[in-house]
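>>> Requesting a structural model of the entry that follows:
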Amino acid sequence: AVPGIATGTILALSRAIGEAAPLLLLGAVTHITFNPESITDSYTVLPIQIFNWIKQPEAEFHTLASAAIVVLLVILLAMNSLAIWVRNRYQKRW
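Reported below is the predicted structural model:
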């Protein structure tokens, strides 16, 4: 059962970090303009930060948003690749 559980968990996490619409609908008012110093500080998620950067009129923010989108895509691809590797690693061979 390890391959199915691990793959499902990793794919659910990768989908959760990529889902921007529910975050924007429910929590887009949260915008943090400082770097968190500890784990208990306030923070925002990457899709909301991208959304806030795209709303800014300066071109530098659009460049930052493009870079953040690439980072988000790399994280998603890495998590999906990890899920495939875990599935193949622990799959039963008959």
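>>> ok, which stretches of the protein are helices?
Listed in chain order, the helices found in the chain under DSSP state H are 2-18, 21-27, 46-55, 59-90.
>>> For Pro36, which of these is the nearest?
helix 46-55 (12.4 Å; Cβ to Cβ). All C-beta spots, glycine's among them, are computed from the backbone N, C-alpha and C.
>>> Packing partners of the closest one?
With contacts taken as 3 or more Cβ pairs under 8 Å, 6 or more residues apart in numbering; DSSP states H and E, helix 46-55 sits against helix 2-18, helix 21-27, helix 59-90.
>>> The residue nearest the centre of the chain: what's it in contact with?
Central residue check for the chain by Cα atoms, centre = their mean: the C-alpha nearest the mean position is that of Ile17, 3.1 Å away. When contacts are counted by Cβ atoms under 8 Å, 6 or more residues apart in numbering, Ile17 touches Val45, Leu46, Pro47, Leu72, Ile75, Leu76, Met79.
>>> what about stretch 40-52, average pLDDT?
Stretch 40-52 shows an average pLDDT of 79 in the prediction.
>>> Start at 21, not 1
OK, 21 is where the count begins now, so the last one is stretch 60-72.
>>> List the buried residues for that stretch?
For stretch 60-72, the buried set under the neighbour-count rule, 16 or more other Cβ atoms under 10 Å, comprises Thr64, Val65, Leu66, Pro67, Ile68, Gln69, Ile70, Phe71, Asn72.
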